[in-house]
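>>> Requesting a structural model of the entry that follows:
(2 chains)
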Amino acid sequence: MPTTPTPPASIWYLDNSTVLLAALALLFAVSFTASFWAPRLRLAVRSGQVLGERTRLERVTELAIRFLGNPALIAGSLVTAALLVAALWPSFLSPYGPEDTGRTLQLIDGEVRGRPFPPSSVYPVGTDREGRDLLTRIVYGTERTFVLCVAVAVLRLLIGGSLGGWAGWRGGAVGQQILSFGTVSSSIPSLLFAFVFILTIGPRLGFGVFLLGLGLTGWAELTNIVHGSVRWIRGQPYLDAAMALGSTPLHVARRHLLPNLSPQLIPAAALELSAVLLTLGELGFLGLFLGEGFFEYVPQVVRSPKLPEWAGMLSGTRLSIFNWPWLPMAPAFAFMVAILGFNLLATGLRKWLDPFQLRGTPR
Amino acid sequence: MRDAYVRSVTLMLVAVVIGATAGLLLGLAGGLRPRSPFAGLASAVSYIGVLTPSFLLAVLILLLFIRYIGPAFGERFVLLSPEVTVFDVRRLLAPALVLAVRPMAYMTQVTIGALQEVIYSDYVRTARAKGLLRRTVLLRHILRNVAAPALTSFNSSFYFSMSSLLIVEWLFNWGGIGTRLLDAAAERDAEMASYMLVSVGITFLVINTFVKVIISRIDPRVAEAEGAVS
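Below is the predicted model of the structure:
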């Protein structure tokens, strides 16, 4: 039975929003200032000593300055942390339960309204047609959306990494074929491929179809990155030395390939997450989503998915823009924030992991 | 079917041309004075603009037209009806604006990036030191070197406006290639889908070649490099 939500929702982060916003503004003001001064500060910490042992305090201070002087990394990791909390502990962030529907007519901000309820003090971003709070459903939907998203990114990373590694290490005709295969695959719009693939195999089959439909394209960029780096590393003298010493392939991969690949591969993986999320959102907008695996492209009968999922919340809202704009807006903004967060994370990680930055030369 | 093709290509051309022009102007305004606050604003806007999902943008622009622009002109914009002809500005403007944002942001990024290398280069400093007119330096030394990367990004704008095209055409009820493709996929009509895909592919190829020819006219280094390869 649907239960009645308690009237005005008390959500700790909305109640203290001024304090939180002020703290964030202060953090970013400090961070932007620090990003300007970071190289000089780091040199000052080192006290003129470039090589040789550093004390523990010096190392910790240097790490702190590097983190603080990287606003993109701070913003990206904040968003990622918020998403992790939402996925692991949704009841901490949400005012209601995901299936709470409330009464059909409610007195909201001094006005009697029917479903769907607009954004108000009771429902922070409004409700859907069944009267379920959208913020709650976004928070509860994070888990399903992100498990799929991370799985697709890992699949793309596996395909792209192994193909690119093979092409870069062995080279030759097979390597050229792999690279041109990648070019062909990257010329297929991934939204179109995912749409056709999932629709043909059947969206009702659930997770596996979505994983393959989204994961089989979009790996070409990773292949190119891995291919380029592996080829470059292969030509380095230290690798010749390692081979001459008789290192096993496993040792070479662990000791030489991975540490040299990770500064490029880790930001690329974060970018891949945001690209997958974008495609997932677009699929959802067209009516194809993981939820319960049903399909409502051009929705004649408007149904809302039972299990909360971002793409599912976006589906079937095309014609509600005119009367109930918050229905598509709330999940769309959730997608926007997550995509922006992952991109900022990628930008920040690229700066953090950049090996040439460690030298700490001021501009 | 020809109708759908004409509609889509018109929409895409209008969108990419609007976007590229606006992006070039924004990028030039930001990139020529890299220390000004406007430059920071331009790069922040372009960073966000590249990332905004097309469905969010479409919903926002549709709302803008319904709530503000329609009433301000005292005329109802014909937003979703499928009967109106292509060349009706009231119908074309909203979807074209949605499609134009990503090319604009991308173009701004590319232009700012290219200008960063060019304006601090030795030949620009020499040209300034020779006492050439500001306009001559801008037109002959700076713009000619920015043109090649900008035109290349014009090319790739077409490519990624294709994936927004599906969403935008479907949302705005624009009976073009994107809608037909989705319909064909939903009805498992392989023949229709392949016609559409091939026509889009050929269009991309033609535009790509055309832009590449222009680039090699502007930048003789490109023509030389390609001649050496082939």
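>>> Could you check which helix or strand contains A:Ser121?
Here A:Ser121 sits in a region with no helix or strand, counting by DSSP states H and E.
>>> Contact distance from chain A - what residues of chain B qualify?
Residues of chain B found near chain A (CB under 8 Å from any CB of the partner chain) are B:47-48, B:51-56, B:59, B:62-63, B:66, B:162-163, B:166-167, B:170-171, B:181-182, B:185-186, B:188, B:193. From N, CA and C alone the C-beta is placed, and that goes for glycine too.
>>> Now A:Met128, what are its backbone angles?
One correction, residue A:128 is Asp, not Met. In terms of degrees, to the nearest 10, the main-chain angles of A:Asp128 are phi -90, psi -170.
>>> Please tell me I have it right and it contacts A:Leu327.
Yes - judged on CB atoms under 8 Å, A:Asp128 makes contact with A:Leu327 at a distance of 6.3 Å.
>>> what about the strands in chain B?
Assigned by DSSP state E, chain B shows no strands.
>>> that older thread, give me the buried subset of the residues of chain B next to chain A.
By neighbour count, with 16 or more other CB atoms under 10 Å in any protein chain shown, those hold B:47, B:51-56, B:59, B:62, B:66, B:162-163, B:166-167, B:170-171, B:181-182, B:185-186, B:193 as buried.
>>> Please, which helix or strand holds A:Gly182?
Here A:Gly182 is assigned to helix A:172-186, by DSSP H and E.
>>> just the CA coordinates of that helix, formatted as CSV?
Taking Å, rounded to 0.1, in the frame of the first residue of the first chain, the C-alpha atoms of helix A:172-186 are listed here in CSV:
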residue,chain,number,x,y,z
GLY,A,172,52.7,-5.3,-38.1
ALA,A,173,49.8,-6.0,-40.4
VAL,A,174,47.5,-7.3,-37.6
GLY,A,175,48.1,-4.1,-35.7
GLN,A,176,47.2,-2.0,-38.7
GLN,A,177,44.0,-4.0,-39.1
ILE,A,178,43.1,-3.5,-35.5
LEU,A,179,43.6,0.3,-35.8
SER,A,180,41.6,0.6,-38.9
PHE,A,181,38.9,-1.6,-37.3
GLY,A,182,38.9,0.9,-34.5
THR,A,183,38.5,3.8,-36.9
VAL,A,184,35.5,2.1,-38.5
SER,A,185,33.9,1.4,-35.2
SER,A,186,34.4,5.0,-34.0
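>>> From A:Thr223, how far out is B:Ala96?
For B:Ala96, the distance to A:Thr223 equals 35 Å [CB to CB, to the nearest Å].
>>> Actually, A:Leu271.
The gap separating A:Leu271 from A:Thr223 is 14 Å, by CB to CB.
>>> So which of those two has more stuff around it?
Set A:Leu271 next to A:Thr223 and count neighbours by other CB atoms under 10 Å in any protein chain shown: A:Thr223 wins out with 27 against 20.
>>> Can I take it that the more buried one is in a helix?
Yes - the assignment for A:Thr223 is a helix, going by DSSP: H, G, I helix; E, B strand; the rest coil.
>>> For it, give me its contacts.
A:159-161, A:163-164, A:167, A:178-179, A:182 (CB atoms under 8 Å, 6 or more residues apart in numbering or on different chains).
>>> which one of those residues has the most neighbours?
Highest neighbour count within the contacts of A:Thr223: A:Gly164, with 29 neighbours (other CB under 10 Å).
>>> Chain A: strands as residue ranges?
A:105-108, A:111-114.
>>> any idea which of those is most buried?
Among these, strand A:105-108 has the highest mean neighbour count (mean count of other CB atoms under 10 Å in any protein chain shown), at a mean of 15.
>>> can you tell me the average pLDDT over that one?
Computed over strand A:105-108, the mean pLDDT rounds to 76.
>>> Determine the set of other helices and strands touching that strand.
Applying 3 or more CB pairs under 8 Å, 6 or more residues apart in numbering or on different chains; DSSP states H and E, one finds that strand A:105-108 makes contact with strand A:111-114.
>>> I'd like to know how far the residue nearest to A:Leu222 when sequence neighbours are not counted sits from A:Gly215.
Nearest residue to A:Leu222, sequence neighbours excluded (CB to CB, 6 or more residues apart in numbering or on different chains): A:Gly160, at 2.9 Å. To A:Gly215, A:Gly160 is 10 Å away according to CB to CB.
>>> ok, back up a step: roughly how far is the helix holding A:Gly182 from the heart of the chain?
Distance of helix A:172-186 from the chain centroid (CA atoms, centre = their mean, to the nearest Å) equals 28 Å.
>>> for stretch A:330-337, same thing?
With CA atoms, centre = their mean as the basis, stretch A:330-337 stands 12 Å off its chain's centre.
>>> Per-residue pLDDT of residue 86, please?
No chain was given, so I picked chain A. Here, the pLDDT recorded for A:Ala86 equals 92.
>>> ah, I was thinking of chain B
Per-residue confidence at B:Val86 stands at 61 (pLDDT).
>>> Output the below-cut-off pLDDT ranges for the chain.
All of this is about chain A. Applying pLDDT under 70 to chain A flags residues A:1-9, A:39, A:42-54, A:291-306, A:355-363.
>>> could you do chain B instead?
Within chain B, the ranges that satisfy pLDDT under 70 run B:74-87, B:223-230.
>>> ok, A:Pro189 - how many residues close by?
Neighbours of A:Pro189 (other CB under 10 Å): 22.
>>> Could you pull up the residues touching it?
By CB under 8 Å, 6+ apart, the contact list for A:Pro189 reads B:162-163, B:166.
>>> Just to check, B:Phe65 is in contact with B:Ala94?
Yes - counting by CB under 8 Å, B:Ala94 is a contact partner of B:Phe65 at 5.1 Å.
>>> For these two, indicate the residue with more neighbours.
For the pair B:Phe65 and B:Ala94, the greater number of neighbours falls to B:Ala94 (24 against 18), based on other CB under 10 Å.
>>> What segments of chain A are helices?
For chain A, the helices defined by DSSP state H cover A:12-15, A:17-46, A:56-68, A:71-88, A:134-170, A:172-186, A:190-201, A:207-215, A:220-234, A:237-244, A:249-252, A:258-286, A:310-314, A:326-353.
>>> Please identify the most buried of the ones you listed.
Of all the helices of chain A, helix A:310-314 has the most neighbours on average by mean count of other CB under 10 Å, namely a mean of 28.
>>> which helices and strands sit right next to that one?
Here helix A:310-314 touches helix A:134-170, helix A:258-286, helix A:326-353, going by 3+ CB pairs under 8 Å, 6+ apart.
>>> Determine which of those approaches B:Tyr123 most closely.
With respect to B:Tyr123, and counting by CB to CB, the nearest of the helices and strands packed on helix A:310-314 is helix A:326-353 at 30.5 Å.
>>> before we move on, back to that, ok, the residue nearest to A:Leu222 to B:Val98 distance?
Per CB to CB, A:Gly160 is found 31 Å from B:Val98.
>>> try A:Pro328
A:Pro328 is 14 Å from B:Val98, where distance means CB to CB.
>>> before we move on, what about A:Asn343?
Applying CB to CB to A:Asn343 and B:Val98 gives a distance of 20 Å.
>>> quick one, phi psi at the residue of chain B positioned farthest from its centre?
Going by CA atoms, centre = their mean, the residue of chain B most distant from its centre is B:Lys130, 36.7 Å out. Phi and psi for B:Lys130, reported as degrees, to the nearest 10, are phi -70, psi -10.
>>> ok, it - contacts?
With contact set as CB under 8 Å, 6+ apart, B:Lys130 has no partners.
>>> Same check on B:Ile48?
Listed by CB under 8 Å, 6+ apart, the contact partners of B:Ile48 are A:340, B:105.
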